[in-house]
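Enquirer: pasted the sequence and its predicted model underneath.
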Amino acid sequence: MKRILLLVLCFILVFAFVFAGGEKEKERVKIVIVLHPGHAEAYKGLFDTWIAAHPGVDFKWVDKGARTDAIDALIAAGTPPNLYMATPQEVGRFLIPDFALEVTDKNVLKDYMPGTLDIYTREGKMLALPMSMPYNAFDINLTLAEKVGFKVPDRHFLTIDEFLQFSELIKQKAPGHYGTAIWTSGSAVVNFQWYASFGAKLFKKGDYTKTVINSPEALKAVKFMKMLYDKGYIPPEAGVMIDDEMVAMWASGKLGGAWARAGGWLGMMYSAVDQGLLDKPFEHRFMSWPKAEGVDKVPGTFGGAAVVAIATGNKRTDALALDFLAMITGAEAQTIMIGPGSGYKTRYSAKQPPDVDLEAPVYDPGFLHYQKIFELLQENGLYDTGETTLINRAIGSEHMRLLQELFAGNLTPKKFLDTFEAKINSLLAGE
Amino acid sequence: MKGRRLIILFLLLPGAVFLLFFTALPLYFMVERSFYRSNYIVNKWVGLQNYIKSFFDKEYRQVFGSSFLYTAIICPTTVFVPLFFALLVYDTPKWVQTYTKFVFFIPSFASGVIIASVWRWIYHPRIGLLNYLTSFIGMKPVTWMANRYTGIAGMSVMTISGIMGVPLLIYLSSILSIPAEVFDAARVDGASRIQVKLRIVLPLLGPSILLVVLITMMSGFFIIETILMMTNGGYGTQTFMFNIFYEGVDKQRVGMAAARSALLFVIVMAMAVVKRKLEGLKR
């Protein structure tokens, strides 16, 4: 009897030991995001709200650094972050299925405006989400147009022929001024806008295995750029010009039409006035880039940032990362960052400031053209320059070098395109 | 004895660890990476392909030529121009020597980017100082940076302007260390000032000249920020170092950049051997 009681007691003790511990406490999950400190500062409120809504989750942000040092170091150490916020090119390095988490939330995806998600798709999977983004439009100097006797049409674009007519008038009647500028360093990828003007594409939608730039439309664009140089419609130093010099020329009223943005850029014009380099601010209007005959829309180049979520293999962590991704690229986050010079919304649900009445007692001149440019964005869409390919920067650099040779007369337009196509394909193949 | 050895080893340890982690290991990883096609994320073993491609790459051969062209311009100029001025001013009043040193050193006080910005204006085809000056002799405006040879020459001049201070100091210090009796003896023998400079001072400066040659003989290989500011590597003006930056950062061809870094290392080592032989001559 004693033995039986002892056995039952042992059994109860063992049973209690094994099963009476209750549910194991869930392991704490850590979510780490690499981003610019400026963004961390701007989104602090959002971070705090998200953390409060997810008890049991530790959150940390890491300074992105000037280039890709931080993310490279973390990956090399075997401790990749859960999220990475950076430029499209920097994020593009990680758009690898199974490495990046696929965004499948339909509510999130349908909130995005058309065309804004295309460049983050690989093998049919959405692997990152964009934030707000700046957009490039073509700014026409109305004061210069009036001076040389060019009547700017009321519509929001010039045809190529009209632009050439404007440039010729500038050349004849305004020495020291030019129709536009083409530069060959820095943000030289904006020069691809001229391909967009002629309906030429760099890549087929979603296919970054090869370029489609070597087309009849692109040939027209290259011949056009060569003609601009030969006829003196662009400054003769185009082969070595940097974008800062182009901006300075625009701000000084020396260009008939140029890449420009609302917001901070206007400050450069007012600065030129303050320094006595310009008598008074010039009248100007934003348009889409000039259109060649037969071209319907001229998509614009853009920039901005995006966020990618990196897979860990842990379902709970990955789900949290995707939730954070939707939050950090969501309407509220976009609304915080958008404004003149800093971009336009990519999500329908984000709020965007309207134009401001000039007659109002207090206004920000940066908003004057903001809404207009947004209309151009919605109408024309985005031009894919391979922003998210690993070789985006190299595309711009190679294009720049070939433009230099084209302007120097060392390459024909056809040879230019053949060489450019070969170089891009070689880079895409990782050779 | 054993204790002494241990102490020596202990004292050498920090330096050895530093060398290991900041020199030897990075060198090893650089060479290892050169056998891969890599963009940091994906690595694929390709063996010697990066090296073979570099040897057969027309653009890289151009980089090779450009780097030596830079050096061919920079090295002799940096050796002989300060030498000329050192011989000119060593026997002038102290304030003249001080002023000369100051003028030679001014460019080295500013950052390379600032200096490049100023030179961008000097070489500007429309509003630049150089074209303005050449217009007086009937020359049409030239886009100086839009050509390989004028671009390399122009950027070499920029580099030279920033590095001539040190050779001048070396020469002047060497001249000042020549015993006064030598000059007295020359004066007694009736040598003129020019004869003293050319027949006595100049030969005695032989070791200093060699030192300056050794310092500047690879000067053209490592120019990078000047090229970034002036031509961004276009028109065949890239140096070894710029090309490595371009391959690794712009093109994300990290393996190729590592291979070219290794090739540069070999070239530098070969020149170091030449340097050792020249140092032997100096002794």
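Expert: Now that the structure is in, tell me what you want to look at. Residues are numbered from 1 along each chain as shown, chains lettered A, B, ... in the order given.
Enquirer: and the stretch 1-150 of chain B, which residues reach chain A?
Expert: B:37, B:39-41, B:44, B:53, B:124-126, B:141, B:143, B:145-147 (CB under 8 Å from any CB of the partner chain). C-beta here means a position set from N, CA and C on the backbone, and glycine is covered the same way.
Enquirer: buried members of those residues into ChimeraX, please.
Expert: The ChimeraX selection below is limited to those of these classed as buried (16 or more other CB atoms under 10 Å in any protein chain shown):
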select /B:37,39,40,124,125,141,143,145,146,147
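Enquirer: mind picking the two most distant members of the residues of the stretch 1-150 of chain B next to chain A?
Expert: B:44 and B:141 (49.1 Å; CB to CB).
Enquirer: how far away is residue B:75 from residue A:245?
Expert: As judged by CB to CB, to the nearest Å, residue B:75 and residue A:245 stand 32 Å apart.
Enquirer: which of the two has more neighbours?
Expert: The neighbour comparison of residue B:75 against residue A:245 (other CB atoms under 10 Å in any protein chain shown) goes to residue B:75, with 21 against 18.
Enquirer: check contacts around the more buried one.
Expert: By CB atoms under 8 Å, 6 or more residues apart in numbering or on different chains, the contact list for residue B:75 reads B:213, B:216, B:217, B:219, B:220.
Enquirer: list the buried residues in the helix or strand harbouring it.
Expert: When elements are assigned from DSSP states H and E, residue B:75 belongs to helix B:58-89. Residues B:60, B:63-64, B:66-67, B:69-71, B:73-75, B:77-79, B:82-83, B:85-87, B:89 are the ones in helix B:58-89 that count as buried (16+ other CB under 10 Å).
Enquirer: right, and the helix or strand after that helix?
Expert: helix B:94-109.
Enquirer: picking that back up, give me the lowest-pLDDT entry from the residues of the stretch 1-150 of chain B next to chain A.
Expert: Lowest pLDDT among the residues of the stretch 1-150 of chain B next to chain A: residue B:41, with 65.
Enquirer: show me what the top helix by length along chain A is packed against.
Expert: If you go by DSSP state H, chain A has its longest helix at helix A:2-19. Helices and strands touching helix A:2-19, as assessed by 3 or more CB pairs under 8 Å, 6 or more residues apart in numbering or on different chains; DSSP states H and E, are absent.
Enquirer: what comes up buried for it?
Expert: Neighbour-count burial for helix A:2-19, counted by 16+ other CB under 10 Å, picks out no residue.
Enquirer: CA-only coordinates of it, as PDB, when you get a sec.
Expert: Written as PDB, here are the backbone C-alpha positions of helix A:2-19 (Å, rounded to 0.1, in the frame of the first residue of the first chain):
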ATOM      1  CA  LYS A   2       2.800   2.400   0.900                       C
ATOM      2  CA  ARG A   3       4.600   1.600  -2.300                       C
ATOM      3  CA  ILE A   4       1.500   2.300  -4.300                       C
ATOM      4  CA  LEU A   5       0.900   5.600  -2.600                       C
ATOM      5  CA  LEU A   6       4.600   6.500  -3.100                       C
ATOM      6  CA  LEU A   7       4.300   5.600  -6.800                       C
ATOM      7  CA  VAL A   8       1.200   7.800  -7.200                       C
ATOM      8  CA  LEU A   9       2.900  10.700  -5.400                       C
ATOM      9  CA  CYS A  10       5.900  10.400  -7.700                       C
ATOM     10  CA  PHE A  11       3.700  10.300 -10.700                       C
ATOM     11  CA  ILE A  12       1.800  13.400  -9.500                       C
ATOM     12  CA  LEU A  13       5.100  15.200  -8.900                       C
ATOM     13  CA  VAL A  14       6.400  14.300 -12.300                       C
ATOM     14  CA  PHE A  15       3.100  15.200 -14.000                       C
ATOM     15  CA  ALA A  16       3.100  18.600 -12.200                       C
ATOM     16  CA  PHE A  17       6.700  19.300 -13.100                       C
ATOM     17  CA  VAL A  18       6.100  18.600 -16.800                       C
ATOM     18  CA  PHE A  19       2.700  20.100 -17.400                       C
END
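Enquirer: same for the helix or strand just after it, what does it pack against?
Expert: Downstream of helix A:2-19, the first helix or strand assigned by DSSP H and E is strand A:29-35. Taking 3+ CB pairs under 8 Å, 6+ apart as contact, the helices and strands that strand A:29-35 lies on are strand A:57-63, helix A:69-76, strand A:83-86, helix A:315-328.
Enquirer: list the contacts of the next helix or strand after strand A:29-35.
Expert: With elements assigned by DSSP H and E, the helix or strand that comes after strand A:29-35 is helix A:37-42. Residues from elsewhere that reach helix A:37-42 (CB under 8 Å, 6+ apart): A:47, A:61, A:63, A:64, A:85, A:305, A:336, A:337.
Enquirer: how much space separates the nearest residue to residue B:165 once chain neighbours are set aside from residue B:170?
Expert: The shortest distance from residue B:165 to any non-neighbouring residue, by CB to CB, 6 or more residues apart in numbering or on different chains, is to residue B:105 (3.8 Å). Per CB to CB, residue B:105 is found 13 Å from residue B:170.
Enquirer: more neighbours: which of these two?
Expert: Using other CB under 10 Å as the criterion, residue B:105 and residue B:170 rank with residue B:170 on top: 20 against 15.
Enquirer: pLDDT averaged over stretch A:146-157 - what is it?
Expert: Mean predicted lDDT for stretch A:146-157 stands at 94.
Enquirer: what about the residue nearest the centre of chain A, distance to residue B:228?
Expert: In chain A, the residue lying closest to the centroid (CA atoms, centre = their mean) is residue A:303, at 2.0 Å. Here the criterion is CB to CB. By it, residue A:303 lies 21 Å from residue B:228.
Enquirer: surely residue A:189 is within a helix?
Expert: Yes: counting by DSSP: H, G, I helix; E, B strand; the rest coil, residue A:189 is found in a helix.
Enquirer: list the residues that contact the residue nearest to the centre of chain A.
Expert: A:87, A:88, A:133, A:134.
Enquirer: need those residues in CSV with pLDDT and neighbour count, can you?
Expert: Formatted as CSV, those follow (pLDDT from 0 to 100; neighbours: other CB atoms under 10 Å in any protein chain shown):
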residue, pLDDT, neighbour count
A:87, 90, 18
A:88, 90, 23
A:133, 85, 23
A:134, 82, 19
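Enquirer: in helices, which of those residues appear?
Expert: Short answer: the contacts of residue A:303 in helices (DSSP H) are residue A:88.
Enquirer: out of the contacts of residue A:303, which comes closest to residue B:15?
Expert: residue A:87 (40.7 Å).
Enquirer: around chain B, pick out the residues from chain A.
Expert: A:67-68, A:72, A:75-76, A:93-94, A:96, A:99, A:184-185, A:235-237, A:239-240, A:242, A:390-391, A:393-394, A:397, A:400-401, A:404, A:407-408, A:427, A:430-431.
Enquirer: switch the cut-off to 7 Å
Expert: A:72, A:93, A:184-185, A:235-237, A:239-240, A:390-391, A:393-394, A:397, A:400-401, A:404, A:408, A:427, A:430 (CB under 7 Å from any CB of the partner chain).
Enquirer: sorry, back to before: so can I have CSV of the residues of the stretch 1-150 of chain B next to chain A showing secondary structure?
Expert: Output for the residues of the stretch 1-150 of chain B next to chain A, formatted as CSV (three-state DSSP):
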residue, secondary structure
B:37, strand
B:39, coil
B:40, coil
B:41, coil
B:44, strand
B:53, helix
B:124, coil
B:125, coil
B:126, coil
B:141, coil
B:143, coil
B:145, helix
B:146, helix
B:147, coil
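Enquirer: mind putting the residues of the stretch 1-150 of chain B next to chain A into a markdown table with distance to residue A:108?
Expert: As requested, the residues of the stretch 1-150 of chain B next to chain A are exported to a markdown table (distance: CB to CB, whole Å):
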| residue | distance to residue A:108 |
| --- | --- |
| B:37 | 36 |
| B:39 | 29 |
| B:40 | 29 |
| B:41 | 26 |
| B:44 | 35 |
| B:53 | 44 |
| B:124 | 50 |
| B:125 | 51 |
| B:126 | 51 |
| B:141 | 56 |
| B:143 | 51 |
| B:145 | 48 |
| B:146 | 49 |
| B:147 | 53 |
